[in-house]
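Participant: Pasting a predicted model and its sequence here:
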Amino acid sequence: MLFMKRFYMAVSLVVVLLYMATLSLATTTSSNFTDLSALLAFKSEIKLDSNNVLGSNWTKTESFCNWVGVSYSCRRQRVTALSLTSMGLQGRLHRLRVLILQYNLLEGVIPASVYHCQTLLDIYLAHNEFRGVLPKYWLSNLTSLHTLYLGTNNFTGTIPPPLVNNSKLLGLGLEYNHLHGSIPEEIGNLKNLMGIYLGANYLNGKIPCSIFNIFTLRVLKLDFNSLSGTLPSTFGLKLPNLEELYLDKNQLSGSIPSYLSNCSQLTLLELSHNQFTGPVPASLGHLENLQILNLEVNQLENQPGSLELSFLTDLTRCRSLKFLLISKNPFSCLLQDSVGNLSSSLHVFIVQSCNIKGPIPKGIGSLRNLTFLILSDNNLSGPIPSTIKGMKSLQRLYLDDNQLEQSIPTKICLLANLGEMDLQNNNLSGPIPSCIGKLIHLQIMFMSSNSLSSSIPSSLWSLENLLFLNLSSNSLEGNLHANMRALKMLQSIDLSGNRISGKIPTILGDFQILSVLNLSKNSFSEAIPEQLGDLITLDYLDLSHNNLSGEIPKSLVALSHLHYLNLSFNKLSGEIPRQGPFANFTAASFIENEALCGQPIFQVPACKNHTKGKPKAKFLLKFILPVFTFTSILIVVILIMMRRRKNNVKTQKTILDVVPTVEHRLISYQELRRAINDFSEANILGVGSFGSVFKGIFSEGTFVAVKVLNLQLEGAFKSFDAECKVLGRVRHRNLVKVLSSCSNPDLRALVLQYMPNGSLEKCLWCIVI
């Protein structure tokens, strides 16, 4: 009942829209008057208003903005909705021509009253939630119907033969429902039909031959069903206007009819995921308008006696071809050089799992507009041709699972638009090209399971868009480069099964969204970096089979998303953490290490309890050790003094306290210049044989005397070194203290204690006078 209310409301809205579009009004009529006229026209069709709602309220004396059931937008100045549910209205919508209610949430069965709208031309109820079986006598009642689109709903049952018995029907759409059974033979009676859309159902049986006689047919969509049988040999003779043919995802068998070439307007031919056999007809080369050809996942073979994939040469005449997909067919032949003569418009070329043999043809480099090339899982051999540089538009290159040899050509770095590159599971050798950093758009780089050697080029770590990196199972060596940069987009790194040595770089902790890190089966040494605990998105961590030592970083406890951890076969020691993700790991994560300890579940010894010894150790360090040290120094001093007295060494008036070199304040050259006013003559205190003495004051107010040596004089360097050595180690109450020094290639200066009472020379001179 709820659906009926919704549906009648929707039909009312459609009527309003139709009247707004069809009323003959003056060109100067306002939008308000247009809406008013449409509403009054709708009112005139109501024959019974049992509650007198429209009669009393819908009048010209009352503004239609206030009419019952009318929603009005003040901003747009237009009627936006009409709701008259449960009003007891009766009438006939005899002028209804088009019913468009698609892309809503309407549900339930379609009311029978729709069948009485005999003036309907087009019904669009697709993309809703209608259910039930299809009415048998729709088309017999709706004799003027041109279009019926009920796709993407929940209709069940079979297609009733009377439904396909209207010669005026132009389009029939029942795709994406739950229809079963066979397609009625009567569908051939729809002589004016231009489009049949029955895909994505559960239809079975053979395709009725009558469907191939509809001369006007442009689109035939029967994909994603369980249709079986063979296509008639005359297929195409009576379909000269056919533009799109979808027969994929069925169980069709037999050969592809050669008369398909008579469908000269064909732009799309989709026959994938069936059981077609035999060779691909050479006549397909006559389809000059063909843009998409998909023959994937069948049992198609090469022409008998031909060593090359001959039909590709025939397809070179299809100059509009953009997509060519022929994967997973047992062709078992060579890929000829003429492949380079395919359409210059070709964007996608997929020849995966076809048992293609021999080398990759050099002519493939002529496909300048190709964006997607997949030759995976074949028996291709020889080198990757350097002519690959010609594919300037290439974005995805998949050559994995072949027998390709020799080194990766440096010309591959000229593919400036390359975003995905998969070369894994081949026999490639030599280094990774050092120019790899030029592929700035690269997001996927798979080169695992080859024989690549040398070190990982530093330019690889400049690929800022890289998402997935897999270089595992090669012979790469050396350290991870010191110039390694943090790649903020990288999600997965797999360098396992190589010969990489040295430390695990701490910068790995800056890879912000890394979820997989596999460095196993290498020769990494020293400790696991604490910074790995910053990888908060890490899900998988494998560092097994290395030479790592030290303790397991406590920072790893913070990795709440970590579900897999393998630290086995290393030289780790210390306690295995208990918190965080470690509570979910087993002994397999830690086996074959040197001295790990922890909980019994990890099958390691229990850790020794050091808590009782800690207070005692603190007491020794805090009290006993300082006393022992002071006593030892005192004894040494006494012994030295006794030895001197024993040897009758004369006591000197000036006792020199020889002490270890002390730490002096560090003074920069700029700070020194500011202190002495940029070597101003006004600050000079005196001039000696090797330099001058300046008065200075530091920013905190300390006065100093700065002796600056004249490096032009012979012996100045020796004098500076001698003074530093003597004055830096000797102290006396009558000697000026050395506070610091400043030295660079152009300056040698001693910073001395400033004596405010002047020099000894001045005092002696005054006494003589």
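Facilitator: Structure received. None of these values were measured; they are calculated from a predicted model.
Participant: Quick one: residues contacting Gly173.
Facilitator: Counting by Cβ atoms under 8 Å, 6 or more residues apart in numbering, Gly173 touches Ala126, Leu148, Tyr149, Leu150, Gly151, Gly195, Tyr197. All C-beta spots, glycine's among them, are computed from the backbone N, C-alpha and C.
Participant: swap that for Glu296, sorry
Facilitator: By Cβ under 8 Å, 6+ apart, the contact set of Glu296 is Ser272, His273, Leu325, Ile326, Ser327, Lys328, Asn329, Ile350.
Participant: of those, closest to Ile601?
Facilitator: Lys328 (47.3 Å; Cβ to Cβ).
Participant: Tell me the spacing between the one residue sitting closest to the centre of the chain and Leu439.
Facilitator: The centre of the chain sits closest to Leu467, judged by Cα atoms, centre = their mean, with a distance of 5.3 Å. To Leu439, Leu467 is 13 Å away according to Cβ to Cβ, to the nearest Å.
Participant: And for Arg319?
Facilitator: 31 Å.
Participant: next one: His178
Facilitator: 48 Å.
Participant: Just the contacts of Gly173: which are in strands?
Facilitator: Leu148, Tyr149, Gly195, Tyr197 (DSSP state E).
Participant: Report the contact partners of the third one.
Facilitator: When you say that, I think you mean Gly195. Counting by Cβ under 8 Å, 6+ apart, Gly195 touches Leu170, Gly171, Leu172, Gly173, Leu217, Arg218, Val219, Lys221.
Participant: Next SSE downstream of the one helix or strand in the chain whose mean pLDDT sits lowest?
Facilitator: Least confident helix or strand of the chain, by mean pLDDT, DSSP states H and E, is helix 2-22 with a mean of 37. The helix or strand immediately downstream of helix 2-22 is helix 31-44, counting by DSSP states H and E.
Participant: Of all the residues in that following helix, which ones are buried?
Facilitator: Under the neighbour-count criterion of 16 or more other Cβ atoms under 10 Å, helix 31-44 has Thr34, Asp35, Leu36, Ala38, Leu39, Leu40, Ala41, Phe42, Lys43 buried.
Participant: Off-centre distance for that helix?
Facilitator: Helix 31-44 has its C-alpha centroid displaced from the chain centroid by 54 Å (Cα atoms, centre = their mean, to the nearest Å).
Participant: Give me the helices and strands touching that helix, please.
Facilitator: Helix 31-44 sits against helix 2-22, strand 78-82, with contacts defined as 3 or more Cβ pairs under 8 Å, 6 or more residues apart in numbering; DSSP states H and E.
Participant: The last one - what's its average pLDDT?
Facilitator: Taken as a whole, strand 78-82 carries a mean pLDDT of 68.
Participant: The closest residue to Val98 other than its chain neighbours - how many residues pack around it?
Facilitator: In space, and not counting its chain neighbours, Val98 is closest to Asp122: 4.7 Å by Cβ to Cβ, 6 or more residues apart in numbering. Asp122: 16 surrounding residues under other Cβ atoms under 10 Å.
Participant: same check, this time on the one 4 residues further on
Facilitator: The number of residues packed around Ala126, counting by other Cβ under 10 Å, is 22.
Participant: How about Leu439?
Facilitator: Residues near Leu439, counting by other Cβ under 10 Å, number 25.
Participant: Spatially nearest residue to it (excluding sequence neighbours)?
Facilitator: Leaving aside its sequence neighbours, Leu439 sits nearest to Leu418 (Cβ to Cβ, 6+ apart; 5.2 Å).
Participant: that's a helix at that neighbour, yeah?
Facilitator: No: assigned with DSSP: H, G, I helix; E, B strand; the rest coil, Leu418 falls outside any helix and is coil.
Participant: ok, now which ones touch it?
Facilitator: Taking Cβ under 8 Å, 6+ apart, one finds Leu394, Gln395, Arg396, Leu397, Ile412, Leu439, His441, Leu442 in contact with Leu418.
Participant: Apply 7 Å and report the result again.
Facilitator: Contact partners of Leu418, counting by Cβ atoms under 7 Å, 6 or more residues apart in numbering, are Leu394, Gln395, Leu397, Leu439, His441, Leu442.
Participant: residue boundaries of the helices in this protein?
Facilitator: 2-22, 31-44, 53-57, 138-141, 311-314, 613-619, 625-646, 669-675, 716-727, 760-768 (DSSP state H).
Participant: From the chain's centroid, how far away is stretch 36-53?
Facilitator: 58 Å.
Participant: gap between the two ends of that stretch?
Facilitator: End-to-end distance for stretch 36-53: 17 Å, by Cα to Cα, to the nearest Å.
Participant: would CSV of the contacts of Gly195 with distance to Arg97 and pLDDT be doable?
Facilitator: Listed next are the contacts of Gly195 as CSV, based on distance: Cβ to Cβ, whole Å; pLDDT from 0 to 100:
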residue, distance to Arg97, pLDDT
Leu170, 15, 93
Gly171, 16, 93
Leu172, 19, 93
Gly173, 19, 95
Leu217, 25, 96
Arg218, 24, 96
Val219, 24, 97
Lys221, 26, 97
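Participant: Hmm, Leu134 and Thr156 touching each other?
Facilitator: No: counting by Cβ atoms under 7 Å, Thr156 sits too far from Leu134 to count as a contact (8.8 Å).
Participant: quick one: which of the two has more around it?
Facilitator: Neighbour count, other Cβ under 10 Å: between Thr156 and Leu134, Leu134 has more, with 19 against 15.
Participant: gap between that one and Glu243?
Facilitator: Distance from Leu134 to Glu243, by Cβ to Cβ: 27 Å.
Participant: And for Lys60?
Facilitator: Counting by Cβ to Cβ, the separation of Lys60 from Glu243 is 53 Å.
Participant: Same question for Val70.
Facilitator: Using Cβ to Cβ, we find Val70 at a distance of 45 Å from Glu243.
Participant: same check, this time on Leu105
Facilitator: Where Glu243 is concerned, Leu105 sits at a distance of 33 Å (Cβ to Cβ).
Participant: Compare those two (neighbour count), which wins?
Facilitator: More crowded of Leu105 and Glu243, by other Cβ under 10 Å: Glu243, with 17 against 8.
Participant: What does the pLDDT read for that one?
Facilitator: For Glu243, the pLDDT comes out at 96.
Participant: That one contacts Thr267, correct?
Facilitator: Yes: here Glu243 reaches Thr267: they are 5.3 Å apart, a contact under Cβ under 7 Å.
Participant: does the residue nearest to Val98 really touch Ser144, like I thought?
Facilitator: No: counting by Cβ under 7 Å, Ser144 is not a contact partner of Asp122; they are 9.9 Å apart.
Participant: Let me see the contact set for Lys392.
Facilitator: Contacts of Lys392 (Cβ under 7 Å, 6+ apart): Arg368.
Participant: What does the pLDDT read for it?
Facilitator: At Lys392, the pLDDT value in this model is 94.
Participant: do you know how far it is from Asn369?
Facilitator: Counting by Cβ to Cβ - Lys392 and Asn369 are separated by 8 Å.
Participant: okay, the contacts of Gly195 in TSV with distance to Tyr754 next?
Facilitator: Formatted as TSV, the contacts of Gly195 follow (distance: Cβ to Cβ, whole Å):
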residue	distance to Tyr754
Leu170	107
Gly171	104
Leu172	106
Gly173	101
Leu217	107
Arg218	103
Val219	100
Lys221	99
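Participant: What is the nearest of those residues to Val109?
Facilitator: Within the set of the contacts of Gly195, Gly173 lies nearest Val109; the separation is 18.3 Å, counting by Cβ to Cβ.
Participant: For the closest one, give the beta-bridge partners.
Facilitator: Gly173 has these beta-bridge partners by DSSP bridges: Tyr149, Tyr197.
Participant: do Leu334 as well
Facilitator: For Leu334, the beta-bridge partners are Glu308, Lys357 (DSSP bridges).
Participant: So it sits against Asn355, correct?
Facilitator: No: counting by Cβ under 7 Å, Leu334 stays clear of Asn355, with 10.7 Å between them.
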